[in-house]
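Here's a sequence, model it:
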Amino acid sequence: MVGSGGREHALAWKLAQSPDLEELHAAPGNPGIAKLGACHPVRSEDAEGLLALARALEIDLIVIGPETPLVAGVADRLRRGGIAVFGPSRAAAQIEGSKIFAKEVMTAAGVPTAETMAVARPPCVIKADGLAAGLARAGYGVFLFDFRNLGLSDKGGPHAPGSDLVGAVDEARRRGAERVILFGGSYGGTAVLAAAPDLDVAGVVALSPPPDLSNWIDELDAVSAVRRLRAPMLILYAADDWRTPPAAEHALARAAGSKEKQLVEFPGYWHAGALLYKAPFRARAKRLVLDFIRAHADGR
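Numbering: from 1, shown residues only. Here you go, the predicted model:
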């Protein structure tokens, strides 16, 4: 039994009632599951660890409960390793892991569903997709913000780079968040880097951030801000991105100096969100972002 939540406890409880069951093991399990079988300290997203455990225990069937390992392709790896798995493949799990994919399937199949919008306008509902949805399922709170100062906070003047982020961070604190990571892509990446030095945050992640937007938005200059940044920083960028060329990203790294930082270059022409959603880069980029968030946002 893969997982550690209430759903997995219920599945384990029912599996334990089967007359065909010889042994029940769980990874990582929880105290409730421990009353039904042996628990092992292997994360549900660790496909190689689960495969090694299954082989060592001579497991006949693996049941995967949570969405996150399914979306990550854990079932595929276990099947390739010769283990029978109850749980969909990575491709099939996208119907749960990606709201965009689910909408496309429903539209193609003629299933009645709410209209989708290219640009959000009221009245509408915003649903997290991809990485944001994965973080939410993993137990992290995900807060959306608008760095153009569209009323989320009255702190700071018009177009002040930290105005909306101040409100978002304040609200996260009010809701009990202990550690906050700022995340943004393209112009949003510049915004989080520019605002971060004046906010109490645990880290900053930026995808393809243009270093200087001061001619477009007042004072939105990431280079000068990064010089004051005390929090860890992760920047992902594309080697052939003409919008934010590598030289610009290296200027940010130089500004960071000796502070804890990661600057990761990807080959090919892609910008910002493409690093997380285009197949050639998706797995590596998401792993880097998730590892950074786990390392610096333990308190969530």
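
Quick check: which ranges of the stretch 151-300 of the chain have low pLDDT?
Applying pLDDT under 70 to the stretch 151-300 of the chain flags residues 151-164, 212-221, 258-259, 269, 273, 277, 298-300.

the helices in it, which residues?
For the stretch 151-300 of the chain, the helices defined by DSSP state H, counting those that start in this stretch cover 163-174, 187-195, 222-228, 246-256, 274-277, 279-296.

quick one: the first one to helix 187-195, angle?
With axes from the mean of the first three to the mean of the last three CA atoms, to 10 degrees defining the directions, helix 163-174 sits at 70 degrees from helix 187-195.

Tell me the gap between helix 163-174 and the middle of its chain.
20 Å (CA atoms, centre = their mean, to the nearest Å).

which other helices and strands contact that helix?
For helix 163-174, the packing partners by 3 or more CB pairs under 8 Å, 6 or more residues apart in numbering; DSSP states H and E come out as helix 187-195. Placement of C-beta: from N, CA and C, glycine included.

what do you get for the fifth one?
For helix 274-277, the helices and strands in contact under the criterion 3+ CB pairs under 8 Å, 6+ apart are helix 130-137, strand 233-238, helix 279-296.

redo that, cut-off 7 Å
helix 130-137, helix 279-296 (3 or more CB pairs under 7 Å, 6 or more residues apart in numbering; DSSP states H and E).

Any idea how many residues pack against the residue lying closest to residue 262 once chain neighbours are set aside?
Among residues not flanking residue 262 along the chain, residue 234 sits closest, at 4.6 Å (CB to CB, 6 or more residues apart in numbering). Residue 234 is flanked by 23 other residues according to other CB atoms under 10 Å.

can you pull the contacts of residue 234?
205, 262, 288, 292 (CB atoms under 7 Å, 6 or more residues apart in numbering).

what's the distance between the second one and residue 235?
For residue 262, the distance to residue 235 under the criterion CB to CB, to the nearest Å works out to 7 Å.

who's more crowded, these two?
Neighbours were counted for residue 262 and for residue 235 using other CB under 10 Å; residue 235 has more, 25 against 15.
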